[in-house]
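K.L.:
Here's my sequence, what's the structure:
(chains A and B)
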Amino acid sequence: MNLTLFLLFPLFTAVAILIAQNSKQIRTIALGGSLLQLGMAVKLLLAYYKERAAGNTSQMLFEYIQNWFTPLGLQYHIGVDGISIAMILLTSFIVVAGILVSWNMETLSKEFFFLLLLLSLGAYGFFISLDIFTMFFFLEVAVIPKFLLIGIWGSGKKEYSAMKLALMLMGGSALIMVGIFGIYFNSHTSTGAHTFDLLLLSKMNIPIEIQKLFFPFAFLGFGIFTAIFPFHTWVPDGHASAPTAASMFLAGISMKLGGYGCLRVATFLMPDAAHAYSWVIILLATIAIIYGAFATMMQTDLKYINAYSSVSHCGFVLLGIGMLTQTSITGAVMQMVSHGLMTALFFAAIGMIYSRTHTRMVAQLGGLLKIMPFISTVFVIAGLSSLGLPGFSGFVSEMTIFMGSWQNPDKMYRLATILACASIVVTAVYILRAAGKTIMGPITNQSYEKLSDASWNEKFAAVVLISGILIVGIAPFWLINLIQPGTEIIINKLGAVISH
Amino acid sequence: MLNEYLQVLKFEWMLIAIIFILLFIKVGSKEWKNETLLYSINFLLLANLIAGFFYNLPGSLFNGMFHSNDLIFLQKNILNLGVYLISLIAYPWLKEHKHLLEFYILLLSTLLGMFFMISSGNLLIFYLGLELSTIPLAALANFDLEKRKSSEAAMKMIISSAFSSALMLFGISLLYGVTGSLFFNEIALLIHGGPMEIFIFILILGGFSFKMSVVPFHLWTADVYEGAPVAVTAYLSVISKSAILFIFMTVMFTVFRNLEPQWYFMIFLLSVLTILIGNLFAIRQDNMKRFLAFSSIAQVGFILIGLSGVSKLGMASVIYFLLIYLFSNIAAFGVISIVSASTGKENVSDFKGFYKTNPFLSWVLAIALFSLAGVPPTAGFFGKFFLIMAGAERGNYVWIIFAALNMIISFYYYLRVVKAMFMDENENPIQKIMVPALPKLAMMICLIGIISTGFLSWIYETIYNLCNF
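P.N.:
Residues are numbered from 1 along each chain as shown, chains lettered A, B, ... in the order given. Predicted coordinates for the structure are as follows:
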């Protein structure tokens, strides 16, 4: 399986879009390209099972190394393990759904789909990279499309939000840059040369004081991408102003880049520092969870509700990583997948409602179930998944995180776990309130009665995402088995630290 | 022997030949049409650029006062490329200009001066080259003959360069007094870090700082950039700066090598000031030329980071960055030049809604600005990353963190222009502009350069292997 195809497919699709003549061709090409990506991702999963069944136990599969900027020791080094495959699958699901949702995009559609595909290119590249330089490269590739997507096609105070998002993410990148320079210059291969290679670096032991110096940069840098408190402020504005597909990409893919980086770069390469600083991570994550949940209660705009709840849910990812037990880290990865799918679904539903009613204010909506049953059902499913109803993906992943967190016997960590658990109640309050008000009850505005239900493309998008949520929710073991070998290696490295 | 004179000095002979051709045309009685002239001159410059890649003979002449090696050939090729591109983007402006021949004669004279300067192995010939490259520039800055601002720019430029030359000359004469030599490699052996030598170094560094517009010697930059015609501004900010930086590296790494412990701190201080002041002032600018002037001041601060590495990595990264900077800056100035030539508008606020009317130019400007900001997938990302990496090798992380945070500020003001073009509404945006063929060619070359220079790692590897540190 050639992983470079994950870069070439979006690239060729994007180029084809540039050549295309009219908007119908453009969206057909975009959809075709994204379906191909989805097919590739599924094929990758099957190929992975086949390799593992054949007894291939190497850490990364389908590796490929090509020297790049040889004097500096940069490499184009790609490969995947279970964690990356889970992320790639998530990305491909959301890309398909995102393109379907923006099917009727007419203003500057060429640029719109081009940027969407560029964003997905950045995400795929990030997840398959095994070299921190290329990871960093792809992470930043995804920033500019977000800025333009929000700024050009957004709504509300879009320029402000776009600028805020771009600057904060750029700030995150700047911190990451300092962190990876620290890693690069303080590790030596056997020949004395420096390297950015993730696998080589993981075998070296970076001195503990160096780790303590640079771990905060790397972790916080990636953390900004995943809305670590107090650098979460780009999330609500960015999500609320973005067009539907961009919101889905932002919450579903972009925020996951950060979580993946925290795990793969910061925690994996600097395990001593991860232990030393884990209480800070836990503290920030717990604050994000509780603060996010309570802030959501105060929101009146559906998109803000979902954005703040994203802050809260991404707090769980960081909590899982910070707890440093195998179960909790596995749960964190699952939470990334699950949150990606359900937020994307939520944003898709909100986008569908907004495109019909032209308002996202909870107070102005009501009784939508009678008018658009399909969209309302999707909305409710997304909400229930978000509050962690068993059967949906949210339950599985949050449960795993809590179980993993409880394994950490420290009192403070237990307290954090209890507080995080308690926030679920708050989640239930705001989700049920929002869903109840908009979906149930009397129809608030008579003009809504003429509105139509979901079109075929919207139905298709929703089905793709819901099927993802249900697969993870009802049969989580395949996902756990996929992720576990990857987290095991990280845990082994973390465990080696405790013992010495 | 004759052969050696021909081949080692080949770049200079080529330029002299072109200058003479232009002089003959000027003196001759035949009236040429501007367009024919422009096409033929651009053709000559293209020939000059291509010729630069063949039959280069490394060697030294005049007892080592003038020397050339493969790295210097590469640097001259970079400058030739830049001059060719600037000549292309100047087309719409020069088409109407009465004194087009003088423009090129002066321009190529300064380039000749820079070539001598880069190749110099002796302070005399270095100073000669430096003066040849600055005095005609002041005349060039005044080339919008009707504009008062242009004359003001020229006046400011000539005074400040005279001042900086005086500083430098004072340093050079003291240096001769202390060491008894003017040859780079001889002086290098005689300097050991005494107080007098540090004083000399500061004088010479001050002179260089003026030319590179390093804070606090930057005050002339913005006014001159604003007043001068766009093509000259581009020339000042790209070619002139690159040439000075090339020779600055040689001087720092050879002549003042032994003072490295002392100058590292000075460069650190200058770089921090330059980045900060450049960035903070760039935020406030509305005139595009002033804005690019301050942003280019900040860029020099970043270049100093790479230079402070004092390593093969640092040297290669600076040259690599300058190549990328050339593409990005010329592309940006190209767009501004076309807009300015056809509408006279030069302010950021005029660019509001630019994308609706001129999508191609908007993308060119946006990609150029992304490259200047250092955002992937443009080459500027690689350039800046390697520069900072070269600095990080020394372990001075305070500097690195400072630079990283300043990249955010710079990101803001570059995005501000992108925002104006793509997002802001405008009742009457700039009309659709027809881009003539030559500037379009230049922009395409720049775009290809901006995108591909980063991915093609052999460009960096070639530069790296040529750097004989």
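K.L.:
who in the stretch 301-450 of chain A is up against chain B?
P.N.:
If contacts are counted using C-beta under 8 Å from any C-beta of the partner chain, no residue of the stretch 301-450 of chain A sits beside chain B. Every residue, glycine included, has its C-beta placed from N, CA and C.
K.L.:
Quick check: pLDDT value at the residue of the stretch 301-450 of chain A found nearest chain B.
P.N.:
Nearest residue of the stretch 301-450 of chain A to chain B: residue A:303, at 19.2 Å (C-beta to the nearest C-beta). With respect to pLDDT, residue A:303 scores 89.
K.L.:
now do residue A:498
P.N.:
56.
K.L.:
which residue packs closest to the most centrally placed residue in chain A, ignoring adjacent ones?
P.N.:
For chain A, the residue whose C-alpha lies nearest the mean C-alpha position (C-alpha atoms, centre = their mean) is residue A:256; its distance is 2.5 Å. Leaving out its chain neighbours, the residue that sits closest to residue A:256 by C-beta to C-beta, 6 or more residues apart in numbering or on different chains is residue A:336, at 4.8 Å.
K.L.:
returning to that earlier point: how far is the strand or helix carrying the residue of the stretch 301-450 of chain A closest to chain B from where the chain is centred?
P.N.:
Taking DSSP states H and E as the criterion, the element that holds residue A:303 is helix A:302-323. Centre-to-centre, helix A:302-323 and its host chain are 11 Å apart (C-alpha atoms, centre = their mean, to the nearest Å).
K.L.:
Quick check: which helices or strands does the following helix or strand past that helix pack against?
P.N.:
Sequence-wise, the next helix or strand beyond helix A:302-323 is helix A:326-357, with elements assigned using DSSP H and E. Using 3 or more C-beta pairs under 8 Å, 6 or more residues apart in numbering or on different chains; DSSP states H and E, the elements in contact with helix A:326-357 are helix A:82-101, helix A:244-249, helix A:255-261, helix A:302-323, helix A:373-386, helix A:393-406, helix A:456-474, helix A:477-499.
K.L.:
follow-up on the earlier one: might one say that the residue of the stretch 301-450 of chain A closest to chain B is in contact with residue A:238?
P.N.:
No: counting by C-beta atoms under 8 Å, residue A:303 stays clear of residue A:238, with 10.2 Å between them.
K.L.:
Count residues in the vicinity of the closest residue to the residue of the stretch 301-450 of chain A closest to chain B other than its chain neighbours, would you?
P.N.:
Counting by C-beta to C-beta, 6+ apart, residue A:240 is the residue found nearest to residue A:303 once chain neighbours are left out, at 4.3 Å. When neighbours are defined as other C-beta atoms under 10 Å in any protein chain shown, residue A:240 has 26 of them.
K.L.:
Can you read off the backbone torsions of residue A:77?
P.N.:
With angles defined as degrees, to the nearest 10, residue A:77 sits at phi -120, psi 120.
K.L.:
What residues does it make contact with?
P.N.:
With C-beta atoms under 8 Å, 6 or more residues apart in numbering or on different chains as the criterion, the residues that contact residue A:77 are A:63, A:64, A:65, A:66, A:129, A:130, A:131, A:134, A:197, A:198, A:199.
K.L.:
Among these, which lie within strands?
P.N.:
A:63, A:64, A:65, A:66 (DSSP state E).
K.L.:
about what we covered before: for the residue nearest to the centre of chain A, give its distance to residue A:334.
P.N.:
Going from residue A:256 to residue A:334 by C-beta to C-beta, to the nearest Å gives 12 Å.
K.L.:
Give me the pLDDT for the residue in chain A positioned nearest to chain B.
P.N.:
At 3.7 Å from chain B, residue A:174 is the closest residue in chain A, using C-beta to the nearest C-beta. You'll see residue A:174 listed with a pLDDT of 92.
K.L.:
Kindly tell me how buried it is, as a neighbour count.
P.N.:
Neighbour count for residue A:174, taken as other C-beta under 10 Å: 23.
K.L.:
repeat for the one 3 residues further on
P.N.:
The number of residues packed near residue A:177 is 26, by other C-beta under 10 Å.
K.L.:
Please, which helix or strand holds it?
P.N.:
Using DSSP H and E, the secondary-structure element containing residue A:177 is helix A:158-185.
K.L.:
Residue A:74 against residue A:131, yeah?
P.N.:
Yes: counting by C-beta under 8 Å, residue A:74 does reach residue A:131; the two are 6.8 Å apart.
K.L.:
Pull up the overlap in contacts between the two.
P.N.:
Between them, residue A:74 and residue A:131 share these contacting residues under C-beta under 8 Å, 6+ apart: residue A:196.
K.L.:
Looking at chain B, which residue is nearest chain A?
P.N.:
When C-beta to the nearest C-beta is the measure, chain B has its nearest residue to chain A at residue B:404, with 3.7 Å between them.
K.L.:
so who does the residue nearest to that residue when sequence neighbours are not counted touch?
P.N.:
Spatial nearest neighbour of residue B:404, chain neighbours left out: residue A:174 (3.7 Å); criterion: C-beta to C-beta, 6+ apart. Counting by C-beta under 8 Å, 6+ apart, residue A:174 makes contact with A:221, B:404, B:405, B:407, B:408.
K.L.:
Pull the contacting residues for the last one.
P.N.:
Residue B:408 makes contacts with A:167, A:170, A:171, A:174, as judged by C-beta under 8 Å, 6+ apart.
K.L.:
got the angle for the helix or strand encompassing it vs helix A:158-185?
P.N.:
Take DSSP H and E as the rule and residue B:408 turns out to sit in helix B:397-422. Using axes from the mean of the first three to the mean of the last three C-alpha atoms, to 10 degrees, the interaxial angle of helix B:397-422 with respect to helix A:158-185 works out to 150 degrees.
K.L.:
Show me which positions of the helix or strand following helix B:397-422 end up buried.
P.N.:
Of the helices and strands lying after helix B:397-422 in sequence (DSSP H and E), the nearest is helix B:437-455. Taking 16 or more other C-beta atoms under 10 Å in any protein chain shown as the neighbour-count basis, helix B:437-455 is seen to contain the buried residues B:438-443, B:445-447, B:449-451, B:453-454.
K.L.:
can you put the contacts of residue A:77 in CSV and add neighbour count?
P.N.:
Output for the contacts of residue A:77, formatted as CSV (neighbours: other C-beta atoms under 10 Å in any protein chain shown):
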residue, neighbour count
A:63, 14
A:64, 14
A:65, 14
A:66, 10
A:129, 25
A:130, 28
A:131, 24
A:134, 21
A:197, 20
A:198, 24
A:199, 16
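K.L.:
so where's the chain uncertain?
P.N.:
In the absence of a named chain, chain A is used. A:496-500 (pLDDT under 70).
K.L.:
The chain in question should be chain B.
P.N.:
In the prediction, chain B carries residues with pLDDT under 70 at positions B:469.
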